[in-house]
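Chemist: okay, here's the prediction I keep looking at, along with the sequence it came from:
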Amino acid sequence: MMLNLPGAGERVAGLIAADLVVASPRPDRERTYAVDTRDSVSPVFRLTVIEAIDRIRDADGELRIAAVANSGSLLCALWAGATGRPFWNVLVDGRRTRGFGRNVEPAEGVRGRKFVLVDNHARTGTSLRTAMGIIQSHGGFIASAMVFTAGDRVDFDPPLYVALPHNLIVDQLSKARPRGPQKVRPGADTL
């Protein structure tokens, strides 16, 4: 079940106003816009990430944050750096080949705890399901997941909160004053 993370309208409006919603650099994609995640040095983007993760974590004071590597790790690192709170990193592409060979870092503190998974985008839900299985294999529980953007058909059983819902982006882009043609910045990446 996909749900809009409370405050989604304000987050979308803020990113559009900061020109962080740009024409898609991938003309083969159905969606004509992209959220420019390469502009993570933007204070607006950083504050958006921090606010969204705080909001999902504060829904239940017992929740721990688990980043779905690799993009979720960057987002959670922005949040952790600003708040001083810990997060767990879930390596969905397999255990580390060097060092301790972990698939969750830190390895301690998972058993018996409730987690919310955080990632940048969910297209099908495969990474979220893999991360959920890893947390469960360490004795933890998944209460929900939060992504910044999502495809239309994501297969994930716990509640999935979307911080920047597609329908709100399209709606607010249609209401925004035309500012001339949007340019794709070199190296723009998408959420």
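Modeler: That came through, no problem.
Chemist: now the helix or strand hosting V147: mean pLDDT?
Modeler: Under the criterion of DSSP states H and E, V147 resides in strand 141-150. Mean per-residue pLDDT for strand 141-150: 96.
Chemist: any idea how far it is from the chain center?
Modeler: In this view, strand 141-150 has its centroid 8 Å away from the chain centroid, taken as Cα atoms, centre = their mean, to the nearest Å.
Chemist: and for the next helix or strand after that strand, what's in contact with it?
Modeler: Sequence order places strand 160-162 as the next helix or strand after strand 141-150, per DSSP H and E. With contacts defined as Cβ atoms under 8 Å, 6 or more residues apart in numbering, strand 160-162 is touched by 1-5, 8, 56, 122, 125, 128, 144-150, 154. To be clear about C-beta, it is placed using only N, CA and C from the backbone, and glycine gets the same treatment.
Chemist: buried among the residues you listed? Make that a PyMOL selection.
Modeler: This is how PyMOL selects the buried members of the contacts of strand 160-162, with burial counted by 16 or more other Cβ atoms under 10 Å:
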select buried, resi 2+4+5+8+56+122+125+128+144+145+146+147+148+149+150+154
